[in-house]
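J.: Sequence first, then the predicted structure, then my questions.
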Amino acid sequence: MQIIFGSYNGSTGIDNFCPIGFGNICTATSEAQGSMPCPAAGTFNNLRIKLSVAPGGGTGFRNFFLRVNGVDSALTCQFVNAATDVRDTTHSVTVARGDIISLHDHSGNFPAGTQVYFTIEFTSTSPGQSIYGGNDSSSSVGDGATNSVFGPHTWRGVSGYQQLPGTSDVVSIAGRLTGLNHTLSAAPGTGKSITFTVFKNGSPTSASVTIADTATSGSWTGSLNLAVGDLVYQQITYAGGPSGSITAWGAQFTATIGNQWMIGSSNISVPSNTAVRYIQPNNGDGNGGAAYSATETFDVTLIGPVSSATLIGLIVVVSGAPGGSWQIATRQNGATPASAPIVTISGGATTGSDTNHNLALVDTDVWTWQSTPTGTPNASNVSMAWAWAGKSGALPPPPSFVLLPPVPLAPQAPCAPQAQVSGGGKGKSGCNPGGVGRVSSYPGPFGAVPAHADPVDGELLTGKTNIDVWMDLIHTDYPSGTQTTYRRSLVELGDLSTYEGGRKPAGLLSVGSVDHGLSNEQGGFAAANTTIKFGDETDRFIRNLADSQDLEYDEVRIKLASPPARLAGSAPRVPCRGVVQTPVLDSPLEADLTVVDSLFAEFGPSGPGRNWPALVPPLVGFSTPADVLATPIPWLYGEKSDEGATDPTTGAVVSKGLCPLYWLGQEKLTRTVILTTPPVGSTSAGIPPVMDVGQTGAPGTIMTKLHSYVTCVSGGVEGPLGAEGSNLDRGDFGDPHGIRVNWGQVPGVDSYRIYIFGSSVNDDAAVGFNPLSGDGLNGGTCRVFTHDNVTFDGFQAIPGQDFYVAIHDWTDGAPYTGALTPVPSLATATAVTITEDWDAYLVVGHPIFRIISVYGSDLGGGDPAVSHDRTKLDPNTRADILVPGFAAWPFTPTYRAYTGADGKTYWFTVIYARGPLSDDHKNGVVTMAVNAIGVEDVGDGTGLPLVDAHACQQHWLENPILGNWTSGVWATNVTYPQWEDGTAKVRSSSFATRQAFTAGALPPRGLTIDWYVDTTQGLGAWYKLWNRSTESRLGVNGHGQIVIWGLDETVDPTNWPSLDHVVDIFGKVQSISGQERENVVSGSFDWDPDASRFRAPAVTYQSPAGIQKYKGHTKQGEALDTTMLSNPTQFAWVLQRRLTRLQFGAKQVQIDGPIGYLDRDVGTGILLTTIEGTGAVGYSQRPFIILWRSLNIATRIVTYTLLDVNALLIATAFTNGLTRLFTITDVGANEPVITDTANAEPLIRV
Amino acid sequence: MASAIFQRYTDNILLGVTPTATVAPSTSYSLATLATLNPAARVRWSVKTVTITFTISSAQGDILVIPMHNLDPGASVLTLTNGAGFSHAITIPAVQADGFPPTLVVDLTSFSSRTSTVWNLVIVSNSVNVTFGGCIAIYGPKRSFLGQAVGDNFAWGFHESETPNVLDVANEYGTPYVQDYGTVNRKIAVDLRASSPSGLTAIRDWFRANHGRARPSLFWPDPTSTTSGLFGRWSNTFDVLQQMETYKPISLTFDEWPKGQAL
């Protein structure tokens, strides 16, 4: 509801007309000159007229009417005799936009000098609209003339005369110009036109009205955003030489806060710089009243309205710095109250405002404007504008609330309705491509993986001349599951029953070669395998078993021991552990068993056609779209995040999330809420929905600390909604402050109760405010609203929320007397189950440490014309997402356990979303993504994160790979993958050792990874990625354990065991040089799985020496594009070490030797002396690493494949070995380093 | 030279019989192994005193054979008894230099009461826990070349050979690499001259009764030596030269069944 104020002096005839919007002609005898087009539809009422002089005794009368389209309306104030103050609070008049309105002053007697004051109230049909306007037919109307839009001015006819702010309006409240109406007393004429254009801050806008040809009126409807302090005026443009005409206009303004309006004016000069001055608040020109007046006389004042109103702010603008100061004060009844808005502009300032004081106006008041100079401010060629912000009446109900653009209830056309046949894809982030780099969100501490005891190596075989061989076959019976160990030997071994199962009958005919070793440079990886031949003629051992049982995946161990060791009970050596695949029965009565490492068996994770990770499984209760079912289950180690990423050009922080989400389908989330008995004494009878019961404070108290709490009521009992309602714009309504509350629908409940808690004490009083528990009620009072569960309010200040209430006036209604405390305890409360539909989005296929942040569509800010971009979402304040670890997550664990169609249980990390945000994802408009920290060390989300590369590698092998993990806590020191004899399948010590080595080079933690798995492939490809990304090699050792090995160039080989050709080699010595040569290495890192691209540019290093030695040829291996590494220092370390190791190619030597070779496992070093080596005398104590080992059981000969590390170890590569002192100077990014050692080969980055 | 003793596979009166014992063998070992006729197999006890009993249909036992055992040499440990009152201590020969016991072969025909349904091996106070190879046999009736010589005239001798199983390679420096498998193969090659059809038939029937090489039996070329008996098998082929002379030359190769590794 808007209060329109007016005042004019004098009348010239019986009938005078005044435009309600108050133009300068208020005493026109012509209605055409004293009316205006109404710019908005609405209702007028509460007309009050006050006269400074009564019409007179006897028959004197003076009647005032609201006149609409030439007809006096019922809204009237009529004076007789001595009456000077009349109100019509009975009648109201409805007008349409474009109606010609005026105040008709029909006088039987009009004493000279009578000042007429009036107020009238206007309530627009569309909430929030207020009207302004005027009428002027002065001679200055013409081409280029300008005038104000909201304030009463005359047209100023000189083109270019615009003087800001003196000929304009200063905007005092936020809102939009939404309509213009103009009328002419005469048409421009055929081929001619008159255009009125609104200027904002000196620039033309789209708000304009053109009246052409024979028309006499025109209008504009649109939206011109206006902020507080904007300067606005309108300008006439003639085209074709139209005739001069009387012009009238009306301007429609839609306030951001719907019950606010403006009143103000301007003047092309400033008040006295030496004395106090007064002027009519909305008549800066002084027309119809006094200009700046030295006294606070009746003709510079306005009267109060019938309904109460409040002046809530004042803004003043001058065109030049005053030097001294002017204080502009709001006067009320001849004084300046302490609560009155006052603005002081001083020194170099040209504008000032006061929004901290509120002045209530009632109809007994007289108020005006006062200036007080100090320090002789500059008054030469300086103009001034001013305006108050006023408010009156209740805040209009939504949806006409327009400060915040409405968020569309559906995504941009043409994607609605959602078809839900697709997961929406990934990487769709609109105009937010993200930045580069990151800032870690987690400083530690970090988790660890289990450390298992290394197995006993068994009998040392060096020098032994009698070695017995036997086999353990651990058969698992079908269907009982009972395990039985069968033992067979080449010749019966009649051992004590306490030794290795006792008797070992003969039956083995032969055992093939047992091979195992480290993977090759390309990740090629083969584990231990052999073939066992049985003689089945004696007891039909295999044939009897195979008759009803499957031998596949039965475990086999080959064991070696000398008779003395057997007699002594010493542990045998176990050169092969594997599982049976492909048993073959062969004549005559023989049987062959192929034994391979479980990792590589047909049934193992590295078996033929086996890929990891598995695809997203169909889940019971979900209708997952096909494209998501074709997606690998994502897996995450480390922190995959772009938090803190910056635009490389602007430096601005631009994060978008790196881990995409996959829509699993819709899930009904059933929650149990505790409903308690509602407080008594609350009722909505007879009270408007948004003005239910109660107040937030005693009358006159200003509530500035407001909080809300929403509950739901079901079956007559009340309980928490699940989260505090969303408080919006707390305090935006001015004093007393208001609050808006949004919340989402809870299906099945009857209604909601909204508690508004207000305190004038402090914020802390309401922290944790909860009316159900009585918490946080100190220092304030509460009021209660009810809201049904049917009527969606259609205004979603927060997307996905369905209901909305807004209140601002705390003096309505009776005080709430219901008891807020005590309320029933939870022990006596009633549990009620509620069910909601949410879209479930898969983050990763396992519990994780933390979701750092969530990104999703900004919905175009609610503007259907604006493209949607990805933005950061706050799960703590939004009601359309549920994110583990954030406030609204409804479950205790941070993961969800789902049942697959395959009967397995899957522990997934998911988030839930709904509404337009989720629709945008599913429609592929803007997909959601998260930043997260992946696997933690417990397995249920409660542990610490794993980030160390080789700890993650061990975890990966033991859980998803060997453990076939889909649910449950991670493997522990009890449950880790083991062979049947308890030997760990993963040699944890080797991973710990390698991590410790990298920590020496890359302190403090060594190599770390952030590995998001988003593709599925065979394990060979993954081993290759691990090997290349971590500059190490996976392999299988003599115990059948997976081990990790990497070159430690700092090791001292002096004490490595020596092998001398004379006594230790019994076969050929074969050497191959130049293998796997790479004198140039390159690669990319910092993988963005959401965008499927590397975030960092490719890096290349080359070895000049390596190229020169290779006859000038460059040889570049496969690019090391790693999705595991994101740290540039670590990636450079990996590349440089690779180049150093391979710049001249690898040299491998193969030798055969006695069974004592089994005493040295793969990945360990030996010193070799042989005349077959290079150089004048061959190799002499040359260091090698054992890469591969093969045992021929028939011949008892072991073959080594050795890597020559002579040139790679510091101890042997340099003259002074490990005692060498050297210097290295890096002289430039692209220049070789300078060293004092000729054989220190430089590497350069190109 | 005394007349050689030979026994058919089917002469073993304990054939196919799983004995009982006063003490069960150790875990993972079985008395049934004794019926496998595989001296390389083992039956171990965790005691030094045990009686092993074979219960059979009534039969006469003339020759006791135990190829592999760890009984103390001498006559104080092993006694053979039966249900007919037979009870005689058995003398165990000294262990060979390679650690193997000589195959124990005892001619019982000098004793009476050799026909019974129950035969017992009574081992008392062996110095170590008792172990047998997978074969204990009692043959009857005794067959000898001399027995076949009635009206005939065998002229014969034999060639004995013994080969340990060893892996032996040498590198270019001549350094040997030796792996000793701990087992031994023995064999006896015999050239017989049968002067009558009955003699030829007796040898041929021995071969046939043993299914050639398929079934083990006993060949005791010199019964005057308690260490010369072989529990083993014929070669694959029975070879006799039929010529129009009085004497029929027969080539016979008998391989000892390997005893496995020494105990």
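T.: Nice, thanks for sending it over. Numbering: from 1, shown residues only, chains lettered A, B, ... in the order given.

J.: can you pull out the strands in the stretch 1-150 of chain B?
T.: B:5-7, B:20-21, B:38-44, B:50-60, B:63-66, B:74-82, B:87-92, B:104-107, B:115-123, B:131-134, B:137-139 (DSSP state E, counting those that start in this stretch).

J.: How about the residues of the stretch 1-150 of chain B by chain A?
T.: Applying CB under 8 Å from any CB of the partner chain, we find that the stretch 1-150 of chain B lies next to chain A at B:26-29, B:36, B:38, B:40-42, B:44, B:46, B:131, B:134. C-beta here means a position set from N, CA and C on the backbone, and glycine is covered the same way.

J.: So which bits of chain A are right by chain B?
T.: By the rule CB under 8 Å from any CB, the part of chain A lying against chain B is A:465-468, A:491-494, A:496-497, A:501-503, A:505-506, A:538, A:563, A:1061-1063, A:1065-1067, A:1154-1155, A:1195-1197.

J.: Just want the most central residue of the chain.
T.: Because you didn't say which chain, this covers chain A. A:Lys872 (2.5 Å; CA atoms, centre = their mean).

J.: could you do chain B instead?
T.: B:Phe231 (3.0 Å).

J.: Can you flag the buried ones in the residues of chain A next to chain B?
T.: A:465-468, A:491-494, A:496, A:501-503, A:505-506, A:563, A:1061, A:1065-1067, A:1154-1155, A:1195-1197 (16 or more other CB atoms under 10 Å in any protein chain shown).

J.: Looking at the residues you listed, which are in strands?
T.: If you go by DSSP state E, those have A:468, A:493-494, A:503, A:1197 in strands.

J.: Find the pair from the residues you listed with maximum spatial separation.
T.: Using CB to CB, those span at most 28.7 Å, a distance reached by A:Arg503 and A:Ile1197.

J.: in the stretch 651-800 of chain A, what residue is nearest chain B?
T.: Closest residue of the stretch 651-800 of chain A to chain B, CB to the nearest CB: A:Leu664 (54.4 Å).

J.: Would you check how far apart that residue and A:Pro893 are?
T.: Applying CB to CB, to the nearest Å, the value for A:Leu664 to A:Pro893 is 17 Å.

J.: Would you confirm that A:Ser536 contacts A:Glu590?
T.: One correction, residue A:536 is Asp, not Ser. Yes: with contact defined as CB atoms under 8 Å, A:Asp536 reaches A:Glu590; the gap is 6.0 Å.

J.: Compare the two (neighbour count), which wins?
T.: Using other CB atoms under 10 Å in any protein chain shown as the criterion, A:Asp536 and A:Glu590 rank with A:Asp536 on top: 21 against 16.

J.: check contacts around the more buried one.
T.: Applying CB atoms under 8 Å, 6 or more residues apart in numbering or on different chains to A:Asp536 gives the contacts A:507, A:542-543, A:585, A:589-591.

J.: Now go through those residues and say which are in strands.
T.: Taking DSSP E as the definition of strands, these contribute A:585, A:590-591.

J.: still on that earlier bit, check the residue nearest to the centre of chain B and give its pLDDT.
T.: B:Phe231 is assigned 96 on the pLDDT scale.

J.: again with A:Gly1117
T.: Reading off the model, A:Gly1117 has pLDDT 89.

J.: Over to the nearest residue to it once chain neighbours are set aside. Which of the three states is it?
T.: In space, and not counting its chain neighbours, A:Gly1117 is closest to A:Glu1078: 4.0 Å by CB to CB, 6 or more residues apart in numbering or on different chains. Judged by DSSP: H, G, I helix; E, B strand; the rest coil, the three-state class of A:Glu1078 is coil.

J.: Could you report the distance from A:Ser623 to chain B?
T.: Distance, A:Ser623 to chain B, by CB to the nearest CB, to the nearest Å: 58 Å.

J.: May I have the residues that are in contact with the nearest residue to that residue once chain neighbours are set aside?
T.: Among residues not flanking A:Ser623 along the chain, A:Gly665 sits closest, at 4.8 Å (CB to CB, 6+ apart). Applying CB under 8 Å, 6+ apart to A:Gly665 gives the contacts A:619, A:622-625, A:839-840.

J.: from these, which single one is nearest B:Lys248?
T.: Of all the contacts of A:Gly665, A:Leu619 has the smallest distance to B:Lys248: 87.3 Å, by CB to CB.

J.: what's across from the closest one in the sheet?
T.: A:Gly900 (DSSP bridges).

J.: Doesn't A:Ala1132 belong to a helix?
T.: Yes: counting by three-state DSSP, A:Ala1132 falls inside a helix.

J.: pretty sure the residue nearest to A:Ser623 is in a helix, no?
T.: No: the assignment for A:Gly665, made by three-state DSSP, is strand rather than a helix.

J.: circling back to that earlier point, okay, and the beta partners of the residue nearest to the centre of chain A?
T.: Note on A:Lys872: beta-bridge partners by DSSP bridges are A:Tyr855.

J.: what do you get for B:Gln179?
T.: Judged by DSSP bridges, the bridge partners of B:Gln179 are B:Leu167.

J.: Compute the number of surrounding residues for it.
T.: The number of residues packed around B:Gln179, counting by other CB under 10 Å, is 19.

J.: Return the distance of it relative to A:Ala54.
T.: Between B:Gln179 and A:Ala54 the distance, using CB to CB, works out to 139 Å.

J.: Which part of the stretch 151-300 of chain A gets nearest to chain B, residue-wise?
T.: Nearest residue of the stretch 151-300 of chain A to chain B: A:Thr256, at 91.7 Å (CB to the nearest CB).

J.: For the residue nearest to A:Thr197 when sequence neighbours are not counted, give its distance to A:Lys200.
T.: In space, and not counting its chain neighbours, A:Thr197 is closest to A:Ser208: 4.1 Å by CB to CB, 6+ apart. According to CB to CB, A:Ser208 stands 12 Å off from A:Lys200.

J.: do A:Asn378 as well
T.: Distance of A:Asn378 to A:Lys200, given as CB to CB: 26 Å.

J.: Same question for A:Asp299.
T.: Here A:Asp299 is placed at a distance of 33 Å from A:Lys200 (CB to CB).

J.: A:His868 too?
T.: Distance of A:His868 to A:Lys200, computed by CB to CB: 29 Å.

J.: So between these two, which is more surrounded?
T.: Shown here are A:His868 and A:Lys200; by other CB under 10 Å, A:His868 has more neighbours (23 against 20).

J.: Can you name the residues that contact the more buried one?
T.: Counting by CB under 8 Å, 6+ apart, A:His868 makes contact with A:411-412, A:430, A:857-860, A:920, A:925-926.

J.: Among those, which lie within strands?
T.: Using DSSP E, these in strands are A:Ser857.
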